[in-house]
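How does the following fold in three dimensions:
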Amino acid sequence: MFDAGRRLSSGQVDGLGVGGASHAEALHGLLADLPGTPVQAVGHRIVHGGTRFDAPVPIDDTVLEAIGALAPLAPLHQPHNLEGVLAARAAFPGVPQVACFDTAFHRTMPEVNQCFALPRPWLDRGVRRYGFHGLSYESICAQLAAEDASAAQGRIVIAHLGNGASMCAVRQGRSVATTMSFSPLDGLPMGTRCGRIDAAVVLHLLQHERISAEAIAQLLYRESGLLGLSGLSGDMRQLQRSAEPAARLALDYFVEHIGRELAALAASLRGLDMLVFTGGIGENATAIRERVVRDAAWMGLQLDAQANRRGDSRIAAAGSAVEVRVLHTDEEAVIARHTERVALR
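I've put the predicted structure just below:
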């Protein structure tokens, strides 16, 4: 909950849908612990906005229907986003609701980075690269601009590393390219998602292994990534504590593909001025940051190991050709700002 830009309180509910807990029940439990400040508007993170939504919008029945229609493109997220909106509308009748889309930040990407090499009609039908984690990237860009407007205009790669992970190339505060594409399944390996994979693998599973589309979705979204590689867990902390060779393989794969994507995104920017780590892993996994920066020494990155171990916000060595930062992303603050602007002004 925010008031005039100040965070008054916060809360989080895990395990929605487990043991019968609904979004409405979870919201009721949170409200019991909130201060009595009247709620003037409610902002929602909506993962997918398709091609229609490139900015936050007030939610009406038409917008709600459009959000629901995009659920097949983000099956792990969009249905829950929709349930959250419905629960909030019931809890706060008559209060303005605002949808803030994770895909909107990437609508600035040039067309060459939004399309696949498919016949044009498929692009027009929505088969394209959308990109995600946009609210997080917007948060980082706003923080950088507040600190140093000139540096924030440079060539920046932001690595949002968590259970869901992606990276984004930003120039002058605008998205140029990103690792997730048609869905949040693409790009980096994640906690339980496979990341980039040859499309022919899916065809092989369908045509030759006779696995159903539903079973393949379960495999790619919930049984792969760090969990699939290690056979142990999708939790970075558990993998780092493990002495199992499979855990080491999962970590090596994660770091390797961050390095590959870093190089590709730097190429899309035609150079690199700054690398920013954020997200649960990016902000807290000291060893992962160290490996990524050391592997990128060929690009001019140099690490200040002590600053990295201390968790400083600036972790590049004095002679580094590329600045390296660690910043806490605040998607809720971005949503609050948008909600105030759209609903209350």
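
in the longest helix along the chain, what counts as buried?
Looking across the chain with DSSP state H, the single longest helix is helix 245-269. By 16 or more other Cβ atoms under 10 Å, the buried positions in helix 245-269 come out as 247, 250-251, 253-255, 257-259, 261-262, 265-266, 268-269. To be clear about C-beta, it is placed using only N, CA and C from the backbone, and glycine gets the same treatment.

From the centre of this structure, give me the residue that's furthest out.
What lies farthest from the middle of the chain is residue 208; by Cα atoms, centre = their mean that is 33.5 Å.

and that one, how far is that from residue 228?
Distance of residue 208 to residue 228, given as Cβ to Cβ, to the nearest Å: 20 Å.

try residue 290
Taking Cβ to Cβ, one finds residue 290 at 25 Å from residue 228.

Kindly state the domain boundaries assigned to the chain.
2-101, 134-326 (automatic domain parsing).

which one of the ones you listed lies closest to residue 332?
Taking Cβ to Cβ, domain 2-101 is the member of the domains of the chain nearest to residue 332, at 7.2 Å.

could you give the mean pLDDT of the closest one?
Averaging pLDDT along domain 2-101 yields 85.

Please apply the same query to stretch 319-333.
Rounded mean pLDDT across stretch 319-333 is 97.

quick revisit: which one's more surrounded, residue 290 and residue 228?
residue 228 (19 against 16; other Cβ atoms under 10 Å).

what packs against whichever strand or helix holds that one?
In this assignment (DSSP states H and E), residue 228 forms part of helix 225-230. When contacts are defined as 3 or more Cβ pairs under 8 Å, 6 or more residues apart in numbering; DSSP states H and E, helix 225-230 packs onto helix 236-241, helix 245-269.

go with 6 Å
helix 245-269 (3 or more Cβ pairs under 6 Å, 6 or more residues apart in numbering; DSSP states H and E).

same for the helix it packs on, what does it pack against?
Counting by 3+ Cβ pairs under 6 Å, 6+ apart, helix 245-269 packs on strand 155-160, strand 166-171, strand 174-178, helix 225-230, helix 236-241, helix 286-295.

hmm, back to that, for the helix holding residue 228, list the C-alpha coordinates in PDB.
The C-alpha trace of helix 225-230 is given here as PDB (Å, rounded to 0.1, in the frame of the first residue of the first chain):
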ATOM      1  CA  GLY A 225      15.400 -25.700 -16.000                       C
ATOM      2  CA  LEU A 226      17.600 -25.900 -12.900                       C
ATOM      3  CA  LEU A 227      15.200 -28.500 -11.400                       C
ATOM      4  CA  GLY A 228      15.400 -30.700 -14.500                       C
ATOM      5  CA  LEU A 229      19.200 -30.400 -14.900                       C
ATOM      6  CA  SER A 230      20.000 -31.100 -11.300                       C
END
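
Show me where the stretch 1-150 of the chain has its strands.
With DSSP state E, counting those that start in this stretch as the criterion, the stretch 1-150 of the chain has strands at 2-3, 6-7, 42-46, 57-58, 97-101.

How far does the third one sit from its chain's centre?
Counting by Cα atoms, centre = their mean, to the nearest Å, strand 42-46 is centred 15 Å from the centre of its parent chain.

List the neighbouring strands of that strand plus their orientation.
Sheet pairing of strand 42-46 (DSSP bridges) gives strand 97-101 (parallel).

returning to that earlier point: what sits against the residue farthest from the centre of the chain?
Applying Cβ atoms under 6 Å, 6 or more residues apart in numbering to residue 208 gives no contacts.

Next, find the distance separating it from residue 201.
Taken as Cβ to Cβ, the span from residue 208 to residue 201 is 11 Å.

of all the strands of the stretch 1-150 of the chain, which lies closest to residue 64?
Of all these, strand 97-101 comes closest under Cβ to Cβ, at 8.6 Å.

What residues of stretch 292-299 count as buried?
So, applying 16+ other Cβ under 10 Å, buried residues of stretch 292-299: 292, 293, 295, 296, 299.

For the second one, give me its contacts.
This points to residue 293. Residue 293 neighbours (Cβ under 6 Å, 6+ apart): 301, 303, 324.

change it to 8 Å
The contact partners of residue 293, by Cβ atoms under 8 Å, 6 or more residues apart in numbering, come to 275, 301, 302, 303, 308, 315, 316, 324.

what's the nearest residue to it if we skip its chain neighbours?
Spatially, and ignoring its direct neighbours in sequence, residue 293 is nearest to residue 303 (4.3 Å; Cβ to Cβ, 6 or more residues apart in numbering).

Please apply the same query to the third one.
Here the nearest residue to residue 295 in space, its sequence neighbours aside, is residue 259; by Cβ to Cβ, 6+ apart that works out to 4.8 Å.
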